[in-house]
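**Q** Provided below for reference: sequence and predicted model.
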Amino acid sequence: MKNVVLLGATGSIGDSCLNVIRQNKEHFHLFGIGLGSNLDKAQQIAKEFSPEHIFIAESHLDKSHDLFQSHSNILNTENELQALIQDPSVDIVISAISGFAGLKASYFAIDAGKTILIANKESIVAAGDILMPLAQTKNSEIIPVDSEHNAIHQCFPPHRDLKEISKIMITASGGPFREKTFKELSGVTLQDALKHPTWSMGTKITIDSATLVNKCLELIEAHYLFQIPESQIEIVVHPQSIIHSMVTFIDGSTIAQMSNPNMEVPIANALGLDQRLPINFEVIDFPGLNLSFEPISDGRDVIFEMAREVCNKKGNLGVIFNASNEIAVDAFLTKKIDFVDIYQVIQRTFNHFSCSKVNTLDDIFDYDKQARIQAEKVIKSLN
Ligand code: NDP
Ligand code: MG
């Protein structure tokens, strides 16, 4: 029986994790959960899984909520979150908080040498320079949950010689605006952007998928997780979302991982560690399949150039890229800017900073703050 701490339990990835755990109850015990503010959902989870600990980030807790009647220990401070994640009885930490807010949790898990299942790609993008060396020192195993990275992990298991890889191909659905030219994006609405053609996900990543910034984050994530130069990572649009990524080896073989687009598949793989866990899944209808591939639509290349620069220069560039995107997405969600302005905010914020080395997690938080302030300034100048 493995003790699991699921951070982001009330979100979309949280739902999928709970479904996999529900189907494999004999292997996993939900030791703790973490969430932002959705107490109703936390209460449902507590009723079904009886976790020992529940961390709630929200600072103004409504103590009259029924959740406080549960037998779980309610935690609310960062020190308590750290103690939960680093508890010696915890075997697996799932990092599935959305955005930069998930970084501390990822850091606590890696610093304690835990096995961490990483969905929160923003942690790796913003702090890859700190987290990856720390994982090595602390012997923490980082297992990717993001479907593309989990696919690569399945095609190329850890501890193999990186020299065997010729190229990694990360697939992209292309999002809801795949068939639009860059010019045509100027008229799109928030509702249009929230309609993802193949995946059902949280709001922030759905917008990232529409802008294709999600693929930029994934390029950087792959570069850090697999220690592969960006020049060996290609992004290919694959609208059916059946192949989640491919690895081409130096002997000419290409291995692809395939499944219907359902996050329970990569989560089951990650949670299973070295074993295949049984889950209910929809079988791929191969005779009915028509798999196609195409390059990224024109006009969006500029954000990929920035992402490739992040991989090549590292330091503070990842945290700046990530923070500018988070501020831009927030502004778009609250209708302060148009969809195409997201690109402007990222580009102008990114170009404002020069590359500097980062040595500590505090440096990352410092650059995150500076980049957010700068991105807000860019937004003001647009209006
Ligand atoms: P959601 O928005 O659906 O869920 C976010 C979760 O994080 C919720 O449980 C939310 O709690 C919690 N949360 C937010 N802020 C805080 C905070 N400050 N402290 C603690 N908990 C917090 O997001 P997703 O599940 O879609 O995405 C989660 C992560 O997984 C993201 O990094 C995303 O990029 C990544 N990912 C998601 C995929 C998907 O299919 N959804 C695919 C691949 C990666 P509450 O709702 O209670 O406020
Ligand atoms: Mg992905």
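**A** That came through fine. Ligands and ions are numbered 1, 2, ... in the order given.

**Q** against residue 378, how distant is the residue with the largest distance to the centre of the chain?
**A** Ranked by distance from the centre of the chain (CA atoms, centre = their mean), the top residue is residue 64, with 33.3 Å. Going from residue 64 to residue 378 by CB to CB, to the nearest Å gives 42 Å. The C-beta positions use only the backbone N, C-alpha and C, and glycine is treated the same way.

**Q** which bits of the stretch 51-200 of the chain sit near ligand 2?
**A** 146, 147, 148 (CB under 5 Å from the ion).

**Q** any chance of CSV for those residues, columns secondary structure, pLDDT and neighbour count?
**A** Below are these laid out as CSV (DSSP: H, G, I helix; E, B strand; the rest coil; pLDDT from 0 to 100; neighbours: other CB atoms under 10 Å):
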residue, secondary structure, pLDDT, neighbour count
146, coil, 97, 28
147, helix, 98, 25
148, helix, 98, 27
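
**Q** what are the bridge partners for residue 55, then?
**A** residue 34, residue 75 (DSSP bridges).

**Q** contacts only, for it.
**A** Applying CB atoms under 8 Å, 6 or more residues apart in numbering, we find residue 55 in contact with 7, 32, 33, 34, 35, 75, 76, 80, 81, 84.

**Q** apply 7 Å and report the result again.
**A** 32, 34, 75, 80, 81, 84 (CB atoms under 7 Å, 6 or more residues apart in numbering).

**Q** ok, residue 165 next?
**A** 156, 228, 232, 247, 249.

**Q** can you tell me how far it is from ligand 2?
**A** Noted for residue 165: a distance of 20 Å to ligand 2, by CB to the ion, to the nearest Å.

**Q** and what of residue 183?
**A** From residue 183 to ligand 2 the distance is 27 Å (CB to the ion).

**Q** got it, and residue 320?
**A** Distance from residue 320 to ligand 2, by CB to the ion: 22 Å.

**Q** residues from the stretch 201-350 of the chain in reach of ligand 1?
**A** Contact residues, the stretch 201-350 of the chain versus ligand 1 (CB under 6 Å from any ligand atom): 201, 202, 203, 205, 263.

**Q** what's the farthest-apart pair in those?
**A** 203 and 263 (15.5 Å; CB to CB).

**Q** residue 118 and residue 142 touch, don't they?
**A** Yes - between residue 118 and residue 142 there is a contact at 5.6 Å, judged by CB atoms under 7 Å.

**Q** can you tell me, leaving aside adjacent residues, what's nearest to the one residue in the stretch 151-300 of the chain that gets nearest to ligand 1?
**A** Closest contact between the stretch 151-300 of the chain and ligand 1, by CB to the nearest ligand atom, is at residue 202 (2.5 Å). Once flanking residues are discounted, residue 202 sits nearest to residue 12: 4.6 Å by CB to CB, 6 or more residues apart in numbering.

**Q** and that neighbour, what does it touch?
**A** Contacts of residue 12 (CB under 7 Å, 6+ apart): 200, 201, 202.

**Q** that one and ligand 1, how far apart?
**A** 4 Å (CB to the nearest ligand atom, to the nearest Å).

**Q** and the residue of the stretch 151-300 of the chain found nearest ligand 2, how far from residue 238?
**A** Going by CB to the ion, ligand 2 is nearest to residue 218 of the stretch 151-300 of the chain, at 5.5 Å. Counting by CB to CB, the separation of residue 218 from residue 238 is 13 Å.

**Q** the two: which is more packed in?
**A** Between residue 218 and residue 238, counting by other CB atoms under 10 Å, residue 218 is the more crowded of the two (28 against 23).

**Q** next up, the contacts around that one.
**A** Residue 218 neighbours (CB under 7 Å, 6+ apart): 121, 146, 148, 170.

**Q** let's see it at 10 Å
**A** 121, 124-125, 144, 146-149, 170-172, 208, 212, 225, 233, 235, 245, 307 (CB atoms under 10 Å, 6 or more residues apart in numbering).

**Q** if we can go back for a sec, hey, what's in contact with both of residue 218 and residue 238?
**A** Counting by CB under 10 Å, 6+ apart, the residues touching both residue 218 and residue 238 are 170, 171, 172, 245.

**Q** figure out the helix or strand that the last one lives in.
**A** Same thing as residue 245. strand 243-249 (DSSP states H and E).

**Q** now that strand: buried residues?
**A** 243, 244, 245, 246, 247, 248 (16 or more other CB atoms under 10 Å).

**Q** about what we covered before: can you narrow the residues of the stretch 51-200 of the chain next to ligand 2 down to the ones near ligand 1?
**A** Checking these against ligand 1 (CB under 6 Å from any ligand atom), the matches are residue 146.

**Q** go ahead and confirm residue 142 touches residue 115.
**A** Yes - the criterion here is CB atoms under 10 Å, and residue 142 meets it with residue 115 at 8.3 Å.

**Q** what touches both of the two?
**A** residue 109.

**Q** which among the residues of the stretch 201-350 of the chain next to ligand 1 end up buried?
**A** Buried, going by 16+ other CB under 10 Å: 201, 202, 205, 263, out of those.

**Q** got a list of what the nearest residue to the last one once chain neighbours are set aside touches?
**A** To tie it back to what came earlier, the one meant is residue 263. Residue nearest to residue 263 in three dimensions, not counting chain neighbours: residue 16, with 4.2 Å by CB to CB, 6+ apart. Shown in contact with residue 16 (CB under 10 Å, 6+ apart): 96, 119, 145, 200-201, 262-268, 279.

**Q** also residue 114?
**A** 5, 85-87, 90-93, 95, 108, 135, 138-142 are the contacts of residue 114 under CB under 10 Å, 6+ apart.

**Q** where's the closest residue to ligand 2 within the chain relative to residue 96, distance?
**A** Of all residues in the chain, the one sitting closest to ligand 2 is residue 146 (4.3 Å; CB to the ion). Residue 146 is 10 Å from residue 96, where distance means CB to CB.

**Q** overlap in contacts, the two.
**A** Contacts common to residue 146 and residue 96, judged by CB under 10 Å, 6+ apart, are 13, 118, 119, 120, 263.
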